[in-house]
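> Kindly return the folded structure for what I paste below:
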Amino acid sequence: MILIADSGSTKTHWKVLMPNGTEQDFFSQGLNPYHHGDKFAEVLDDAIGHKIDRGGVAQVFFYGAGCAYQSMQDIVALNLRDIFYNASTVDVSSDLMGAARSLFGNGQGLVAILGTGSNVGFYNGLDLVRHTPSLGYVLGDEGSGAHLGKEFIKRWMYKEFPESLCNSIAQHCSLSIDDILGHVYTSDSPARFLAGFSDIIVKLSSHESIVALVDDCLVQLVERHLLKYSEVTSVSIGAVGSIAVIFEYQLRDVLKRYGANLERVMQFPIEGLATFHRAKL
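Predicted coordinates for the structure are as follows:
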């Protein structure tokens, strides 16, 4: 059996490729080695549970947030080998590599992840030859759900939205400023909390102030990241993640202003990864 994992900040999508061609999917919480620290092994073991025959897995391909650097890849690989003790191959790569292989296979392109967090890189059909450092929801993640949520809260709390919009927000959100600050500064998943405001943003997306907010966040993504790549107007651009799907048309519009084209969008990379790895058998 081949086991593939696509792990973001919020959840992990696992897919088992059986020798007879059938597939099995299951989900667990997100598995980021930075977030879980010393508890990563315990969290990983709980995520796998009894959902799969651990001894029957021959190859593991794990694509994860927080796995861009060798030190974190080594930690994840070590724990995966402990669980899947008969696996001859345990390969750990970044979620950006997973998105690239899913979107482009063996072709080249600029790839963006737009989910709870965000990331951008250039894929040459074999490797990610360049990628933007991921600074997380506090310092970066432009264009992500967390970024949208953070900007939404600031404009709301600073009374930068018109009164009519604030009244509409109150109908969808009963959180006080104390509630919000508590979630952001004391909860275990502040990025996920911030990204949760995307639901309200979508519900109010016809309001011009919300249109401007989304546009501003996507412009920051393009100007701060995508335009740093000389290939931006000459190669395919692809994006994965819930925010990429929800705001696909806005992202297309922003990119067109800069002479670039968004050609491929998908929410879940796992299907493309299954195709990619089956082709390697």
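> Residue 162: how many residues sit nearby?
The local packing of residue 162 (other CB atoms under 10 Å) involves 12 other residues. Just so you know, the C-beta spots here come from the backbone N, C-alpha and C atoms, and that holds for glycine as well.
> pLDDT at it, what is it?
pLDDT recorded at residue 162 is 94.
> Which helix or which strand is home to the closest residue in space to it that isn't next to it in sequence?
Closest residue to residue 162 apart from its sequence neighbours, by CB to CB, 6 or more residues apart in numbering: residue 209 at 6.3 Å. Using DSSP states H and E, residue 209 sits in helix 208-224.
> same thing with residue 74?
helix 70-83.
> in the stretch 151-281 of the chain, which spans are helices?
163-172, 177-186, 190-195, 198-203, 208-224, 242-246, 248-257, 270-279 (DSSP state H, counting those that start in this stretch).
> Can you tell me which of those is nearest to residue 98?
Each of those was scored for nearness to residue 98 using CB to CB, and the closest is helix 270-279 (5.9 Å).
> for the closest one, packing partners?
In terms of contacts (3 or more CB pairs under 8 Å, 6 or more residues apart in numbering; DSSP states H and E), helix 270-279 is packed against strand 2-7, strand 11-17, strand 59-64, helix 95-104.
> Could you identify which of those is most buried?
helix 95-104 (a mean of 26; mean count of other CB atoms under 10 Å).
> I'd like the average pLDDT over that one.
On average, helix 95-104 scores 94.
> So which other helices or strands are in contact with that helix?
Other elements packing on helix 95-104 under the criterion 3+ CB pairs under 8 Å, 6+ apart are strand 2-7, strand 59-64, strand 109-114, strand 118-123, strand 128-131, strand 237-240, strand 262-266, helix 270-279.
> Between the ones you listed, which one is closest to residue 162.
Of all the helices and strands packed on helix 95-104, strand 109-114 sits nearest to residue 162, with 27.3 Å by CB to CB.
> Using CSV, write out every CA atom in that closest one.
What follows is strand 109-114, C-alpha atoms only, in CSV (Å, rounded to 0.1, in the frame of the first residue of the first chain):
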residue,chain,number,x,y,z
GLY,A,109,4.5,26.7,-13.1
LEU,A,110,4.0,29.2,-10.3
VAL,A,111,2.1,27.7,-7.4
ALA,A,112,0.2,29.3,-4.6
ILE,A,113,-1.4,27.9,-1.5
LEU,A,114,-4.3,29.9,-0.2
